[in-house]
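Undergrad: the amino acid sequence is not available; the structure is as follows:
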Ligand SMILES: Nc1nc2c(ncn2[C@@H]2O[C@H](COP(=O)(O)OP(=O)(O)OP(=O)(O)O)[C@@H](O)[C@H]2O)c(=O)[nH]1
């Protein structure tokens, strides 16, 4: 986990949540770097100098025409060391002090716990490059990217502002699934790729083997490969010279009208929406008026600058530069990633934008205690300010009351969102079984997309005649001895093998088409466990395929719990129904009356369990009259009650809702 994520995210989080007082971030605003005034005719020449030479902190961006700029990204499989490498490059260029990264404001709790990077960040560095006896100063923009599959949209977003990428591969682990996925993202975007074999200090490092993998899989010349250890510093001195020599400068035209690409945005309590932008053509200055190609909305540019790595106001940004802009947008929803922004009253061709983030996993979120609806509403609103990739719609459930249906990019994205709601906003939530969007066709020819199985009720007049489910194309790389186990797992999950080959004598490469539904629940953990942790896995969205799916209802004392309904493949319905009922039984305490739990498809019951009546008395465990213990126990019971949901007359604990996530 690197400085970039830690610093920028932590600042946002700290300001919003922990009220730490003035942060580095605001300090930087106060430094108020000089504003160079306006110039109608381009800043492309390096003729402009700072008019405030007395300010040693001044950064004069006009000294950096496009040929002195390099924009690049670091891409890698999770844990191959890209954040550590990014930190080292920031240190090497004096952007942060050595060791500063580790001591800097903490990163998000979820990131710390899960060891993943949630959001990509950008930093500008300056480097004096000596070649042929002359020294020239370069401006380098490093765009950090997250590693996890759920966030691959962030990878493609960051690549749009780059002309090159460092492809980092662990010297011991070699090419892994996300190395393949990231390589192709970069390759398809026509980026210059600099292969780096990192962690060469490890005793198990085998750089020659990794070099031949890179050659055979991606046709990368072994002579072009850099060998580094981001830990010991070995080989790092060659990285920036390679960036300058091998990556082309940004291609934009400085004498054209402004075309600015919106890379990302986040919400800052004090400044409002802060946009990360790349200036493709022309230049942008504070005080100008700009318009969004996507919405037609106009804004005043209130502040412009670079991330160095904190926000440093520079008053303008020139062709090819990457930085931030504050423009009085009220919510990150106005800042559409991939949007083109241009000066008012100019006519420009919008840049090719991105596909909007595609929501692949949906789940209902309800307050564990019904009265906390407003608190949950507030928390979700604030959290989505910084994660516009979550879709939110209100819904209500007979079992759970008022709540929200949220769409996520993947299961990890969903988990992270849930965890942040609880950790950062102190909300207690009940989340329903995650589901993927299915398409149903009725006998009258109409089609519906179903994101919420609970709300999908059969209409006796029009029958369902066909159904489709989304699939993914999965890449799996494993040591050859695990091939059999992986093939078994994939066929249990209804996968279709598309490719099977060997990367080298020890590693197999497989491509599968798998129903998204089958990987949403616990696929990755299972894959890891049957391969002793050696499998690497990545996937991309693919088409919908026809599939025989049915709605499975769960009923308590004859009453369906809409939040527990799911859509499952017909062939698996029997088994899933049985497992759900068995599992639920374990979570329901005996109550004053008998409880029946049933799984049903339409009116056909496929599994049934009963819990006989008995009053559970927590105090029975207390011998004698220890008052404090008694009190504690009662408190605990009260706490437990809060997390119960009453369906009809049956109390269902939150754990029961969570437990059923794992079935399927
Ligand atoms: N031995 C050794 N360990 C390294 C080196 N570079 C990074 N690491 C360690 O490898 C682990 C993963 O490094 P990160 O930089 O967090 O990896 P990442 O690719 O950024 O991971 P995500 O941000 O989670 O995608 C950390 O424990 C690092 O300390 C290296 O050159 N040698």
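TA: That came through fine. Everything quoted here is computed from the prediction, not taken from an experiment.

Undergrad: report the longest strand in this protein, please.
TA: The single longest strand within the chain, with elements called by DSSP state E, is strand 464-479.

Undergrad: what strands line up against that one, and which way round?
TA: Strand 464-479 pairs in its sheet with strand 438-442 (antiparallel), strand 507-515 (antiparallel), strand 536-546 (antiparallel), by DSSP bridges.

Undergrad: in the second one, what counts as buried?
TA: For strand 507-515, the buried set under the neighbour-count rule, 16 or more other C-beta atoms under 10 Å, comprises 507-515. Any C-beta I mention is one placed from the backbone N, CA and C, and that applies to glycine too.

Undergrad: that strand: what's the following helix or strand?
TA: Counting by DSSP states H and E, the next helix or strand C-terminal to strand 507-515 is helix 516-520.

Undergrad: confirm that residue 185 sits in a helix.
TA: Yes: assigned with DSSP: H, G, I helix; E, B strand; the rest coil, residue 185 falls within a helix.

Undergrad: how about the strands of the stretch 51-200 of the chain, start to end?
TA: 69-76, 122-131, 134-143, 164-170, 192-198 (DSSP state E, counting those that start in this stretch).

Undergrad: now those in CSV, please, with extra columns for mean neighbour count.
TA: Formatted as CSV, these follow (neighbours: other C-beta atoms under 10 Å):
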stretch, mean neighbour count
strand 69-76, 27
strand 122-131, 18
strand 134-143, 18
strand 164-170, 25
strand 192-198, 24
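
Undergrad: out of these, which is closest to residue 576?
TA: Ranking those by proximity to residue 576 (C-beta to C-beta) places strand 69-76 first, at 37.1 Å.

Undergrad: close to the ligand, is that closest one?
TA: Yes: using C-beta under 6 Å from any ligand atom, strand 69-76 reaches the ligand at residue 76.

Undergrad: strands paired with that strand, and their directions?
TA: strand 134-143 (parallel), strand 164-170 (parallel).

Undergrad: quick one: distance of that strand to the chain centre.
TA: With C-alpha atoms, centre = their mean, to the nearest Å as the basis, strand 69-76 stands 19 Å off its chain's centre.

Undergrad: ok, stretch 465-476 next?
TA: On C-alpha atoms, centre = their mean, the centre of stretch 465-476 falls 21 Å from the chain's centre.

Undergrad: that stretch: which residues count as buried?
TA: 467-476.

Undergrad: I'd like the mean pLDDT over that stretch, please.
TA: Averaged across stretch 465-476, pLDDT comes to 92.

Undergrad: next, format the strands paired with strand 464-479 as TSV and append distance to the ligand and mean pLDDT.
TA: Shown next, in TSV, are the strands paired with strand 464-479 (distance: least, C-beta to the nearest ligand atom, whole Å; pLDDT from 0 to 100):
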stretch	distance to the ligand	mean pLDDT
strand 438-442	32	91
strand 507-515	20	94
strand 536-546	13	87
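
Undergrad: what's stretch 481-492 in contact with?
TA: Residues outside stretch 481-492 that contact it (C-beta atoms under 8 Å, 6 or more residues apart in numbering): 476, 478, 497, 500, 508, 510, 512, 514, 523, 526-527, 530-532, 534-535.

Undergrad: got phi/psi on residue 583?
TA: Backbone torsions for residue 583, taken as degrees, to the nearest 10, come to phi -70, psi -40.

Undergrad: check residue 237 too.
TA: Dihedral angles for residue 237 - degrees, to the nearest 10 - are phi -60, psi -20.

Undergrad: cool, and residue 214?
TA: On the backbone of residue 214 - angles per degrees, to the nearest 10 - the values are phi -60, psi -40.

Undergrad: check the gap between it and residue 181 for me.
TA: 15 Å (C-beta to C-beta, to the nearest Å).

Undergrad: is the ligand within reach of stretch 229-241?
TA: Yes: applying C-beta under 6 Å from any ligand atom, one finds stretch 229-241 in contact with the ligand at 229-231.

Undergrad: which residues touch that stretch?
TA: So stretch 229-241 is contacted by 81, 84-85, 87-89, 92-93, 127, 129, 140, 166, 194, 196, 198-201, 226-228 (C-beta under 8 Å, 6+ apart).

Undergrad: let's see 6 Å
TA: 81, 84-85, 88, 127, 198, 200-201, 226-228 (C-beta atoms under 6 Å, 6 or more residues apart in numbering).

Undergrad: mind listing what's buried in that stretch?
TA: For stretch 229-241, by 16+ other C-beta under 10 Å, it's 229-230, 235-236, 239-240.

Undergrad: first-to-last residue distance for it?
TA: 17 Å (C-alpha to C-alpha, to the nearest Å).

Undergrad: ok, residue 657 to the ligand distance?
TA: 29 Å (C-beta to the nearest ligand atom, to the nearest Å).

Undergrad: so what pLDDT did the closest residue to residue 140 other than its chain neighbours get?
TA: Once flanking residues are discounted, residue 140 sits nearest to residue 125: 4.6 Å by C-beta to C-beta, 6 or more residues apart in numbering. Looking at residue 125, its pLDDT reads 94.

Undergrad: ok, residue 310 next?
TA: 82.

Undergrad: nearest to the ligand, out of the strands paired with strand 69-76?
TA: Ranking these by their distance to the ligand (criterion: C-beta to the nearest ligand atom) puts strand 164-170 first, at 7.0 Å.

Undergrad: with that, I have no additional questions.
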